[in-house]
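Asks: have a look at this prediction, sequence included:
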Amino acid sequence: MVPNGKSPLTPLAQDALDALARRLPDEGELTYNHAYTILEEVENLERPTAEDIIERLYNKGHLYEVEGKLRLTDY
């Protein structure tokens, strides 16, 4: 069992999460488009792949949505 109760991430998903955390604005949230742009710039991911990674992070509880914006969970 994983200590924080979340499923382990693939190396690509972990790198994406790290990239989002490093570029997280001071207000602590990102638009979806900003998140996709970060993953494109930092991880060289094309839009469909970035969308898939964001969805996986969301489904595994590493991201959550508030009023259409993404926030990181306990990062």
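Replies: Noted; the coordinates are in hand.

Asks: need the helices for this structure, in chain order.
Replies: 11-22, 32-43, 47-59 (DSSP state H).

Asks: give me the nearest residue to Val66, chain neighbours excluded.
Replies: Glu29 (6.9 Å; Cβ to Cβ, 6 or more residues apart in numbering). (Each C-beta comes from the backbone N, C-alpha and C, glycine too.)

Asks: assess the claim that that neighbour and Thr73 are in contact.
Replies: No: in this structure, Glu29 is not within contact of Thr73 by Cβ atoms under 8 Å, at 12.0 Å.

Asks: who has more neighbours, the two?
Replies: Glu29 (18 against 14; other Cβ atoms under 10 Å).

Asks: which residues does the more buried one contact?
Replies: Glu29 sits next to Val66, Lys69, Leu70, Arg71 when contact means Cβ atoms under 8 Å, 6 or more residues apart in numbering.

Asks: need the per-residue pLDDT for the residue nearest the centre of the chain.
Replies: The chain has Leu17 as the residue nearest its centroid, 4.4 Å off, counting by Cα atoms, centre = their mean. Here, the pLDDT recorded for Leu17 equals 97.

Asks: for it, what are its contacts?
Replies: Contacts of Leu17 (Cβ under 8 Å, 6+ apart): Leu9, Leu57, His62, Leu72, Tyr75.

Asks: dump those residues into a markdown table; add distance to Thr49 and neighbour count as well.
Replies: What follows is the contacts of Leu17, written out as a markdown table (distance: Cβ to Cβ, whole Å; neighbours: other Cβ atoms under 10 Å):
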| residue | distance to Thr49 | neighbour count |
| --- | --- | --- |
| Leu9 | 15 | 18 |
| Leu57 | 13 | 22 |
| His62 | 17 | 23 |
| Leu72 | 19 | 16 |
| Tyr75 | 21 | 11 |
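
Asks: which members of those are the farthest-apart pair?
Replies: The two members of the contacts of Leu17 with the most space between them (Cβ to Cβ) are Leu9 and Leu72, at 12.9 Å.
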